[in-house]
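Undergrad: Could you look at this predicted model? Sequence included:
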Amino acid sequence: MVYDDSKFINKDTLHYFINSNEQFLTTPVKGVVLEFPGLGGSSCLGGCVDMGVYDTEYSRDFASKGILLAYLFPGPWSWGNKGAVRMTDAIVSAIKSKYNLSPQIRIAVCGGSMGGLGSIIYSVKSAHNIDCVASACPCVNVMTSYYCKDLVPRSFISAAVVYDMPIEEALKDFSPWELVDQLRDISYFICSDVDDELFPVAECDEYVDMLIKRGLDVVYHKQEHCGHGAFTLEVRQALHQFIVDKLLD
């Protein structure tokens, strides 16, 4: 069921729910990027959970091309759960209203780690049109990642207990591994860290193979000598360019 949450999240209250590059825009909005935060507020493009302007070289470049970049605040332990999806849907509706955008405006979703998972989950469950996903070092399998770090079990449970169902089923509801058959036929950019200490690169390799076997358009980068959340400059720039190309081609 889709709810009308516009009384609470709308064009006038939008600044409470996102950081954006709005002040750097010099042309009408041609595309939108939604960035989901990592656990605790990390970012793959330099965003920050502290409220304010999204000011990085990437946000400014997006703005110069007419692309609105929005760093979302769906909750530090949201893991792409149904609450995060509902909140993001309301944010997208508010963005479309504020900038008078077409219902079919191109939208990219991105994020790293928890945000990488969130971007994949939102692309499946969003009520809006999503055109591409850029996911960095994502948690692709919630069930095998449950004990990967001390903080993770309680954060997974925090995300799962809002569901009126057994916790195991709720965990599967926001696990990309369980939703491969539901993925939209859009373009995907995925990068992994070969020395990732949380989410094994072999698991990401297998997940990408599953997407390719489904016939999906996937660009995959494996970053050598990188631990979890690390980026090479080349791959970060490739992620940024992937989004630009998919939104403006």
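TA: Structure received.

Undergrad: Can you name the residues that contact the most centrally placed residue in the chain?
TA: Centroid-nearest residue in the chain, with CA atoms, centre = their mean: Ser119, separated by 2.7 Å. The neighbours of Ser119, taking CB atoms under 8 Å, 6 or more residues apart in numbering as the test, are Leu34, Phe36, Gly80, Val109, Cys110, Gly111, Val133, Ala134, Ser135, Pro138. In short, each C-beta sits where N, CA and C put it, glycine included.

Undergrad: Please repeat the previous calculation with a cut-off of 10 Å.
TA: The contact partners of Ser119, by CB atoms under 10 Å, 6 or more residues apart in numbering, come to 34-36, 44, 80, 108-112, 130, 132-136, 138, 176, 188-190.

Undergrad: repeat for Asp173
TA: Counting by CB under 10 Å, 6+ apart, Asp173 has contacts Gly80, Asn81, Lys82, Val85, Ile121, Lys125, Val142, Ala159, Ala160, Tyr163, Met165, Leu179.

Undergrad: where do the strands sit along this protein?
TA: Assigned by DSSP state E, the strands in the chain fall at 18-20, 31-36, 67-72, 106-112, 132-136, 187-193, 217-223.

Undergrad: quick revisit: can you tell me how far the residue nearest to the centre of the chain sits from Tyr188?
TA: To Tyr188, Ser119 is 10 Å away according to CB to CB, to the nearest Å.

Undergrad: joint contacts of the two?
TA: Cys132, Val133, Ala134, Ser135.

Undergrad: For those, give me JSON lines that also has neighbour count, pLDDT and distance to Gln104.
TA: Below are those laid out as JSON lines (neighbours: other CB atoms under 10 Å; pLDDT from 0 to 100; distance: CB to CB, whole Å):
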{"residue": "Cys132", "neighbour count": "25", "pLDDT": "98", "distance to Gln104": "14"}
{"residue": "Val133", "neighbour count": "29", "pLDDT": "98", "distance to Gln104": "17"}
{"residue": "Ala134", "neighbour count": "27", "pLDDT": "98", "distance to Gln104": "20"}
{"residue": "Ser135", "neighbour count": "30", "pLDDT": "98", "distance to Gln104": "23"}
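
Undergrad: With respect to Pro76, which of those is nearest?
TA: Ranked by distance to Pro76 (CB to CB), those are led by Ser135 at 18.8 Å.
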